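1. this one's sequence-less:
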């Protein structure tokens, strides 16, 4: 049973994303598989980089955000998926041991013009570290089924 | 030794991303870890979804793209990383067995205003299936060291 349909979203609404502690092992494992740049794999190489120390791949942060989104509220919704992302900013390095949390803020709701059974909800998603500093922000539309 | 520095990019230039065959096992493994929505995990649930059959998480396509980028040319460059993505579109489902390939097209080069040792290169990256149909397109700036 879905908790949230298209009609259940309204601008300004905030939905919580659960916390996740990022480990060094997962940072290195993700980078080795998908983003094998020295500053995501090795402390000494990372120390001399712009990141100033080992940090997660930005795509790893995206993947972790997606899991937080699924666990937080998306998997209890009538989501039909998303066509993409309008803007995505990696604002600060994500370090081993950091605790990420976040929220999804509803920016806009819009019924589909062509299909009466669905609508789009535009979100701003924010992921922050334990000091409350934003590490990633992204905006995107997600499509939801309407109540029948 | 880096093959490409900031000065080695110019608008219109195209860089090839190597092919990758996406397996069902990796689609399900990525989704189970990071994007556990039914249409990324299970054929029968996916058949009734907007995707019309099992398809990779969009973030999985991003991660695979990143590996193609590293292997194709990024790891032979003086890349310093990227602050984010301006636009990202998932245009078609990525199915088990599909062969992805792609290219990076240079849109713009711009020396840093504040730091003389670096510059930004804006790219449009395209990922396509074996029929040449685009499955994902994204635009983003990447920072590179200048030649000394």
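-> Right, received. Where do you want to start? Predicted model only: the values in this text are computed from it and were never measured.

2. When you work out contacts or count neighbours from here on, use the C-alpha atoms and nothing else.
-> Will do.

3. residues from chain A in reach of chain B?
-> A:33-37, A:49-50, A:59-60, A:62-64, A:66-67, A:70, A:75, A:80-91 (C-alpha under 8 Å from any C-alpha of the partner chain).

4. now the worst-scoring helix or strand of chain A on mean pLDDT, how far from the centre of its chain.
-> Each helix and strand of chain A was given a mean pLDDT (mean pLDDT, DSSP states H and E); the minimum falls on helix A:43-47 at a mean of 91. The gap between where helix A:43-47 is centred and where its chain is centred comes out at 26 Å by C-alpha atoms, centre = their mean, to the nearest Å.

5. Which strands or helices does the helix or strand just after that helix pack on?
-> Counting by DSSP states H and E, the element after helix A:43-47 in chain order, helix or strand, is helix A:58-72. With contacts defined as 3 or more C-alpha pairs under 8 Å, 6 or more residues apart in numbering or on different chains; DSSP states H and E, the secondary structure elements packing on helix A:58-72 are strand A:14-21, helix A:24-34, helix B:24-34, helix B:58-72.

6. give the contact list for the spatially closest residue to residue A:96 that is not a sequence neighbour.
-> With C-alpha to C-alpha, 6 or more residues apart in numbering or on different chains as the criterion, residue A:96 has its nearest non-adjacent residue at 4.5 Å, and that residue is residue A:24. Each residue near residue A:24 by C-alpha atoms under 8 Å, 6 or more residues apart in numbering or on different chains is listed here: A:95, A:96, A:97.

7. Which among those residues count as buried?
-> Buried members of those, scored by 16 or more other C-alpha atoms under 10 Å in any protein chain shown, are A:95, A:96.

8. what does the strand or helix carrying residue A:126 contact?
-> Residue A:126 is part of strand A:118-128, with elements assigned from DSSP H and E. Where contact means C-alpha under 8 Å, 6+ apart, the residues beyond strand A:118-128 that reach it are A:6, A:9, A:65, A:100-112, A:134-146.

9. From the contact counts, what lies against the helix or strand following that strand?
-> Downstream of strand A:118-128, the first helix or strand assigned by DSSP H and E is strand A:134-145. Counting contacts by 3+ C-alpha pairs under 8 Å, 6+ apart, the secondary-structure elements packed against strand A:134-145 are strand A:79-81, strand A:84-85, strand A:87-90, strand A:118-128.

10. quick check: mean pLDDT across strand A:134-145?
-> The pLDDT scores in strand A:134-145 average 98.

11. May I have the strands that pair with that strand, each with its orientation?
-> When sheet partners are counted by DSSP bridges, strand A:134-145 sits next to strand A:79-81 (antiparallel), strand A:87-90 (antiparallel), strand A:118-128 (antiparallel).
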